[in-house]
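In: the following comprises the amino acid sequence and a computationally predicted model.
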Amino acid sequence: MNISYYGIFLFSVFISSVSQIILKKSANIKLAVKRILDSKTFDNGVICASEQAVIIPTSIYDKVKEEFTARNAYIL
């Protein structure tokens, strides 16, 4: 399944695989991070389709990390 919205590209091959979010360089960072966290925290992230990884271009990594941190999220 491939879905692109708000500069976010969702990529998942199988239900049992790790769902990944790939951010585009042109992403609206505040909105993208909000949507990622909304999706991940819905039902405490129990749903198998919840994102497990975010792939971020190096050119926007610091801004994205700052936004996740501002929303009390952790990057592992």
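Out: Cool, got the structure. Residues are numbered from 1 along each chain as shown.

In: so where's this structure uncertain?
Out: 1-18, 44-50 (pLDDT under 70).

In: other SSEs contacting the longest helix along it?
Out: Secondary structure assigned by DSSP state H gives helix 29-41 as the longest helix of the chain. For helix 29-41, the elements it packs on are strand 8-11, strand 20-23, helix 61-70, judged by 3 or more Cβ pairs under 8 Å, 6 or more residues apart in numbering; DSSP states H and E. For glycine as for every other residue, the C-beta is placed from the backbone atoms N, C-alpha and C.

In: hmm, try it at 10 Å
Out: strand 2-5, strand 8-11, strand 20-23, strand 53-55, helix 61-70 (3 or more Cβ pairs under 10 Å, 6 or more residues apart in numbering; DSSP states H and E).

In: what angle separates that helix from helix 61-70?
Out: Angle of helix 29-41 versus helix 61-70, following axes from the mean of the first three to the mean of the last three Cα atoms, to 10 degrees, is 50 degrees.

In: what sits against F68?
Out: 29, 33, 36-37, 54, 56, 74-75 (Cβ atoms under 10 Å, 6 or more residues apart in numbering).

In: quick check: it vs K34, distance?
Out: 10 Å (Cβ to Cβ, to the nearest Å).

In: L23 too?
Out: 13 Å.

In: who's more crowded, those two?
Out: Each of L23 and K34 has its neighbours counted (other Cβ atoms under 10 Å); L23 has more, 22 against 14.

In: beta partners of that one?
Out: I8 (DSSP bridges).

In: kindly report the same for A53.
Out: Taking DSSP bridges as the rule, A53 bridges to Q20.

In: next, count neighbours for it.
Out: 11.

In: so how do I select the buried members of the contacts of F68 in PyMOL?
Out: In PyMOL, a selection of the buried entries from those looks like this (16 or more other Cβ atoms under 10 Å):
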select buried, resi 29+33+36+37+54+56
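
In: now the two most distant members of the contacts of F68.
Out: Maximum pairwise distance in the contacts of F68, criterion Cβ to Cβ, is 17.3 Å, between I29 and Y74.

In: so E51 versus S59, what's the distance?
Out: E51 is 21 Å from S59, by Cβ to Cβ.

In: ignore what I typed, I meant Q52.
Out: Taken as Cβ to Cβ, the span from Q52 to S59 is 23 Å.
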